[in-house]
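> Below are the sequence and a predicted model for it; my questions follow.
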Amino acid sequence: MAKNTVSMDKLISLAKQRGFIFQSSEIYGGFAGGYDLGPLGVALAENIKNLWRKKFIQERDDVVALDSGILMASKTWEASGHISNFSDPLTECKKCHKRFRADHLEEDGVTDCPECGGELTEPKQFNLMFQTHAGPTQDKDSVVYLRPETAQGIFVNFDNVLQSSRMKVPFGIAQIGKAFRNEITFRNFIFRVREFEQMELEYFVKPGEDEEQFKYWRQFCMDFLTNDIGLKKENAHFRDHEKEELSHYSKSTTDIEYDYPFGTKELWGIANRTDYDLKQHSDHSGKKLEYRDPHSNEVFTPFVIEPSVGVSRLLLAVLVDAYDVVEGGRSTTTDANKEEEVVLRLHPAIAPVQVAVFPLSKKKELQDRAQGIAKVLRADFRVQYDESGSIGRRYRRQDEIGTLHCVTIDFDSLEDKKVTVRHRDTMEQERVAIEELTDYIKESASNIST
């Protein structure tokens, strides 16, 4: 069972109110399974992606980046098996004619229609790929698909990357990109959607060395989640797939599952895909996707270790993990009737706003000084300037979006060249010299991350 008990309704409300996530096409009644990232959602997602790039590509000399196209030749999906095998069981209510994923109903122990209680049909397989046409005609020869995963773009470019970058096995190709799945039913906010972004690595290894590399990347991904992203260790767990649940291409697979409020669900998948994909594309294209060892001259088809995580699922896990409710509020007054307050305790590396700058009042001299300080801080931090409302109200807004430090410029600041810095997690306030402010915030953020 999930350890996180945060109300999803309250989390969704906060996400909309503070500009993290909006329902897609809301003014037209919404688009099922579609969500838009607001200003803070974009910032949070970009911080997560940039940190992934840093850890999986930038800090390594054995991984290079790729950005393959969303539309690809249909033969790609024939070779990968998606056209014939990429499907989910669909069942329909005989009374209200609404459709559901049969495996989801089975998970929930539901045998009748969850909407009206009617009898359900026997499940039929439903292909999850979005189909469209390329070119001026719409016939079978112009059919193309929106990619359901980014991995195949990496596999078909294996030889191009190998020849142009002169990488040596073991090496990886990493990609962040959109993927699309025509999901039948939706549940749990942004956990399962039709359009999503994947952060995916295909790491090519010599056969026989695959299990060692599989174990390495399994732990690397967990460390990234808990050490770099800041997820609580007690909320993330390894689950190894049993033999009967392995995909047809997989020798071994481990899910990193997360304790969402709606249950413990898959967050990150790490799979040993063997040499299946490269051999499939070799057979279908006639182009041998192989590797020649420059020292031994041995030729072989590499095995592939694939860690793959969805940005939206990770973003949701981050919001859930950081969401904290302080009963009675965080005011220094002793008001027993004060309502609860929300604090997003985001890791400093991914917080959309690291520093908020406030003038104590709207007096021009304070505004000018505050805006000047905000401009200087933007060279090193993600900064938000706010002069609207009481200081207490401004603190609360920043707590709700996870801002690490609030800097207040008051009339004393004009004389003593100092500002008041408030810390998100402790609410402690300190007077800090303006000239020392950047170094002070850097050190403070470092202490939070450790």
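Great, that's in hand. Please read these numbers as outputs of a predicted model, since none were measured by experiment.

> can you pull out the strands in the stretch 1-150 of the chain?
All strands of the stretch 1-150 of the chain, identified by DSSP state E, counting those that start in this stretch, fall at 21-23, 35-37, 63-65, 87-92, 99-101, 124-127, 130-133, 143-146.

> Residue 73: which of these is closest?
Taking CB to CB, strand 143-146 is the member of the strands of the stretch 1-150 of the chain nearest to residue 73, at 7.8 Å. The C-beta positions use only the backbone N, C-alpha and C, and glycine is treated the same way.

> which element follows that closest one toward the C-terminus?
Downstream of strand 143-146, the next assigned helix or strand under DSSP states H and E is helix 151-156.

> Need the residues that contact the helix or strand following that following helix.
Toward the C-terminus, helix 151-156 is succeeded by helix 158-165 as the next helix or strand (DSSP H and E). Helix 158-165 has contacts (CB atoms under 8 Å, 6 or more residues apart in numbering) with 64, 66, 167, 173, 204, 278, 287, 289, 291.

> let's go with 7 Å and repeat that
Residues outside helix 158-165 that contact it (CB atoms under 7 Å, 6 or more residues apart in numbering): 64, 66, 167, 173, 278, 287, 289, 291.

> got the buried residues for that helix?
Buried positions in helix 158-165, judged by neighbour count with 16 or more other CB atoms under 10 Å: 158-159, 161-162.

> centroid residue for this protein?
residue 311 (2.1 Å; CA atoms, centre = their mean).

> returning to that earlier point: which members of the buried residues of helix 158-165 are the farthest-apart pair?
159 and 161 (7.4 Å).

> gap between residue 189 and residue 15?
Noted for residue 189: a distance of 8 Å to residue 15, by CB to CB, to the nearest Å.

> How about residue 159?
Counting by CB to CB, the gap from residue 159 to residue 15 is 43 Å.

> Could you do residue 125 as well?
Separation of residue 125 from residue 15 (CB to CB): 34 Å.

> These two: which is more packed in?
Ranked by neighbour count (other CB atoms under 10 Å), residue 125 and residue 15 place residue 15 first, with 23 against 13.

> which residues does the more buried one contact?
21, 319.

> Try it again at 8 Å.
Counted by CB under 8 Å, 6+ apart, residue 15 has contacts 21, 41, 319.

> Residue 176 too?
By CB under 8 Å, 6+ apart, the contact set of residue 176 is 49, 52-53, 150, 197-200, 311.

> how about those, which pair is most distant?
Most distant of those, by CB to CB, are 53 and 150, 14.2 Å apart.

> Mind pulling up the pLDDT for residue 33?
Per-residue pLDDT puts residue 33 at 89.

> Show the contacting residues for it.
If you count contacts by CB under 8 Å, 6+ apart, residue 33 has them with 183, 186, 192-195.

> export these to CSV and tack on neighbour count, secondary structure and pLDDT?
Shown next, in CSV, are these (neighbours: other CB atoms under 10 Å; DSSP: H, G, I helix; E, B strand; the rest coil; pLDDT from 0 to 100):
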residue, neighbour count, secondary structure, pLDDT
183, 18, coil, 85
186, 15, coil, 78
192, 19, coil, 92
193, 20, coil, 93
194, 19, coil, 93
195, 17, strand, 95
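
> which one among the residues you listed gets closest to residue 400?
Nearest member of the contacts of residue 33 to residue 400, counting by CB to CB, is residue 193, at 24.0 Å.

> Chain neighbours aside, what residue packs nearest to the closest one?
Leaving aside its sequence neighbours, residue 193 sits nearest to residue 33 (CB to CB, 6 or more residues apart in numbering; 5.0 Å).

> State the distance from residue 196 to residue 49.
Taking CB to CB as the measure, residue 196 falls 13 Å from residue 49.

> shared neighbours of these two, anything?
Overlap of the contact sets of residue 196 and residue 49 (by CB under 8 Å, 6+ apart) consists of residue 311.

> pLDDT at residue 425, what is it?
pLDDT, residue 425: 94.

> If you could redo that for residue 337, that was the one I meant.
Predicted confidence (pLDDT) at residue 337: the value is 50.

> Also residue 3?
64.

> circling back: roughly how far does the residue nearest to the residue nearest to the centre of the chain when sequence neighbours are not counted sit from residue 22?
Leaving aside its sequence neighbours, residue 311 sits nearest to residue 197 (CB to CB, 6+ apart; 4.1 Å). Separation of residue 197 from residue 22 (CB to CB): 16 Å.

> Tell me which of these two has more neighbours.
More crowded of residue 197 and residue 22, by other CB under 10 Å: residue 197, with 19 against 16.

> helix, strand or coil for that one?
Three-state assignment for residue 197 (DSSP: H, G, I helix; E, B strand; the rest coil): strand.

> got the contact list for it?
By CB under 8 Å, 6+ apart, the contact set of residue 197 is 45, 49, 176-179, 310-312.

> Just the buried residues of those residues.
Here, 16+ other CB under 10 Å leaves 45, 49, 176-177, 179, 310-312 buried among those.

> Take these and keep only those in strands.
Among those, the ones falling in strands (DSSP state E) are 176-177, 179, 310.

> so residue 64 sits right up against residue 172, yeah?
Yes: with contact defined as CB atoms under 8 Å, residue 64 reaches residue 172; the gap is 7.5 Å.

> Lovely, talk soon.
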